[in-house]
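*Asks:* build me a model:
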Amino acid sequence: MSAIRKAVIPVAGLGTRFLPATKAQPKEMLPLVDKPVIQHVVEEAIRAGVESLVLVTGRGKAAIENHFDVAYELEDTLQRRGKTGDLEQVRAITSLGQFTYVRQGEPLGLGHAVLCARHAVGNEPFALLLGDDVFDDEYPALEALIDAFEATGKSVVGVQEVPLDHVSRYGIVNAPGHLDGPWAVTKIVEKPAPAEAPSRFAVVGRYVLTPRVFEHLAALEPGVGGEYQLTDALAKLAEEGLLVAAIIPAKRYDTGNKLDYLKANVEFALKREDLRDDFRAYLKEIVG
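*Replies:* Prediction:
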C-alpha cells in the first residue's frame, strides 16, 4: 500500500502558449495521439498507488471534469452499436480513481493553486503532479519520489539533469554529493541565469509534499505579477532541512511547448502497435 493516498493536479492555467487551440478547450485536453495529456498524468498517479485525485480547476475547464465523468449518451450509443471495446475504454476512464474538483478563482500562481487544495488534502502527505510533463510509463516516475519520501520522511522534489542553456526554464536545486539516493536540498532557485544556477538539476513537475508546505504557502507574500510561487515555500522547507531531491528515472516528454509537444506525439505514436509500422513508413517517406 502506498504511503501517498492523494494527489493534487493543478489544471487552472490558461494555456496561452497553445493559442488558438486552447481558446475554447483546456490545454490539458490536448491529445498525445488519442489520449489527453491530463489522462496520462492521472494514470501515472494511479500506478503509483494514489487513490484520490484533487484537480484544481478554473473557468473554462468543464471538459476535464466531463472527461472523467460518466457519459451516458455516448455509452448507450456504443453499447447499442456493439462497440464493446470502445465502451470498455470509456468506462475505464471513469473508474480510474476518486476525483475532487477545487476552483482557483484567480490565476495567482502555482503556489496559490496548491494552497487552494489544502482542505481537500487535509493533514497528510500528498503528491503534486504538473500536467506539462508526461513520463514514459515503462519506468517509475512518481513511484521514485514516493520511495524517497518513505526513506526520509521529508518533502521531495523530482529532478532531472538538463542542458546548461535550459536551466533558466526551471527551478534548479543544488547538485548532489552522490547519485545513489535522495539528497538534501540546501538551495532551490527559480529560473536562474546559467551563470548563477547552483547545478543543472531541474525540478520537472513532480513532488511529494508534507502538509507543512501549506503553512509556508499561506504565509507567502505575492511576487512578480501578484503570483504566489511554490518555489518560495519549498525554499522555506529547505531552510528547515525538510526538503530532499530525487532523480526521476523515466524519460520525460515536455508537452508545454509546441515543438516538444509535437515530438511527444511522434514518439507516442511509434509506441503503438496499431500505428507503428505505417507511421514509421510515412515518416521515412516524408523525411527522405
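
*Asks:* can I assume residue 78 is in contact with residue 90?
*Replies:* Yes - counting by Cβ atoms under 8 Å, residue 90 is a contact partner of residue 78 at 6.8 Å. Placement of C-beta: from N, CA and C, glycine included.

*Asks:* which one's more surrounded, the two?
*Replies:* Using other Cβ atoms under 10 Å, the more surrounded residue of residue 78 and residue 90 is residue 78, with 19 against 16.

*Asks:* and the more buried one, what element?
*Replies:* Assigned by DSSP states H and E, residue 78 belongs to helix 72-80.

*Asks:* again with residue 56
*Replies:* Element membership for residue 56 (DSSP H and E) is strand 52-57.

*Asks:* kindly report the same for residue 208.
*Replies:* If you go by DSSP H and E, residue 208 is part of strand 201-209.

*Asks:* quick one on the thing from earlier: report all helices and strands that the strand holding residue 56 contacts.
*Replies:* Where contact means 3 or more Cβ pairs under 8 Å, 6 or more residues apart in numbering; DSSP states H and E, strand 52-57 is packed against strand 6-10, helix 62-67, strand 98-103, helix 110-116.

*Asks:* hmm, who's touching the second one?
*Replies:* When you say that, I think you mean helix 62-67. If you take Cβ atoms under 8 Å, 6 or more residues apart in numbering as the criterion, helix 62-67 is touched by 11, 25-26, 28-29, 36, 38-39, 55, 57, 93, 99, 101.

*Asks:* again, only using 10 Å
*Replies:* Helix 62-67 has contacts (Cβ atoms under 10 Å, 6 or more residues apart in numbering) with 9, 11, 24-26, 28-29, 36, 38-39, 42, 55, 57, 69, 90, 93-94, 99, 101, 131.

*Asks:* next, show the common contact partners of residue 78 and residue 90.
*Replies:* Counting by Cβ under 10 Å, 6+ apart, the shared contacts of residue 78 and residue 90 are residue 71.

*Asks:* dump the helices and strands packed on strand 52-57 to a markdown table, plus mean pLDDT, mean neighbour count and distance to residue 219.
*Replies:* Formatted as a markdown table, the helices and strands packed on strand 52-57 follow (pLDDT from 0 to 100; neighbours: other Cβ atoms under 10 Å; distance: least, Cβ to Cβ, whole Å):
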| stretch | mean pLDDT | mean neighbour count | distance to residue 219 |
| --- | --- | --- | --- |
| strand 6-10 | 98 | 25 | 19 |
| helix 62-67 | 95 | 16 | 30 |
| strand 98-103 | 96 | 14 | 20 |
| helix 110-116 | 96 | 23 | 10 |
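
*Asks:* now those in TSV, with distance to residue 195?
*Replies:* Below are those laid out as TSV (distance: least, Cβ to Cβ, whole Å):
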stretch	distance to residue 195
strand 6-10	31
helix 62-67	40
strand 98-103	40
helix 110-116	25
